[in-house]
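[1] this is a predicted model, with the sequence first.
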Amino acid sequence: MSGHSKWSTIKHKKAALDSKRGKLWSKLSRNVTMAARTGGDPGANSRLRLAVEKAKDANMPRDTIEKAVKKGTGELEGEAIEEVVYEGYGTDGVAIMCHALTDNRNRTGPELKRVFERHGGHLGAPNCVAWMFTQKGVIVVEESAADEDQLIELALEAGAEDVSASAINYEITCAPEAFLAVKGALDAASIPLVSADLSMVASSTVTLDVDGARKIMKLMDELDDHDDVQTVSANFDIPDDVMADLATD
């Protein structure tokens, strides 16, 4: 199972708790604001459309979304935030990229450095791992939620590049420009999604054993839990038998 599929499943289970803490809404609001800087019309700004859809999926109130858009377009005063990518390595040489929206990179960088180090990894220099990642649309569907042949046909017709299967999930990948069309086709077919997002997909992966998987997931969890981190991508792979062992923890 790829890192994207495993991590998307865990994040989906975390979402309700994150929402209760207000953490998820805060992150999504920043994401909407940043996306709106290049235009406040979701119909003409695909990044904003995706950000708004994610906010709606998390049950963020409409007026909160509208305020976030207006902050991005400059109609309302907002915090000065910037987009920063942090790169590093976890245990077993797993490459990790964190996309953050921060109002103080002098605070965020040292905090993430300490997170990496607490889990046996280290923060690296810019572009130390970015070269092995390419942005893709990644959509995860539970294995029980759709017929495999139907899902493959539907996804490929809508523009997907690949559909892979594990014991519990299907993972659909596509080019960024095809993402909204593929997601729209699945939504129109009433196929429930575990997650759907633009993600950084690695050209090669590191296969983990049970111990390695536990260590990496703890690091991923703490990175994702940081207030400024929007997304975390990594190049680990968890075999199905290892997944089964982790499920008993």
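    Yep, it's here. Numbers count the residues shown, from 1 in each chain.

[2] quick check: can you list the domain ranges of this structure?
    Annotated domains of the chain cover 3-73, 84-131+205-246, 132-202 [automatic domain parsing].

[3] against Ser190, how distant is Ala181?
    Remark: distance between Ala181 and Ser190 (C-beta to C-beta, to the nearest Å) = 17 Å. C-beta: built from backbone N, CA, C; applies to glycine.

[4] show me the helices in the chain, by range?
    Here the chain has its helices, by DSSP state H, at 3-21, 23-36, 46-57, 62-73, 105-118, 148-158, 179-188, 210-225, 240-246.

[5] quick one: Leu112 and Asp224 touch, right?
    No - using C-beta atoms under 8 Å, Leu112 is not in contact with Asp224, being 11.3 Å away.

[6] and the two? which has more neighbours close in?
    Set Leu112 next to Asp224 and count neighbours by other C-beta atoms under 10 Å: Leu112 wins out with 22 against 19.

[7] which ones are touching that one?
    Contact analysis of Leu112 by C-beta atoms under 8 Å, 6 or more residues apart in numbering lists Tyr86, Gly88, Cys98, Ala100, Leu123, Leu223, His226, Val229.

[8] remind me, longest strand of the chain?
    strand 133-142 (DSSP state E).

[9] what's that strand packed up against?
    helix 3-21, strand 169-174, helix 179-188, strand 195-202 (3 or more C-beta pairs under 8 Å, 6 or more residues apart in numbering; DSSP states H and E).
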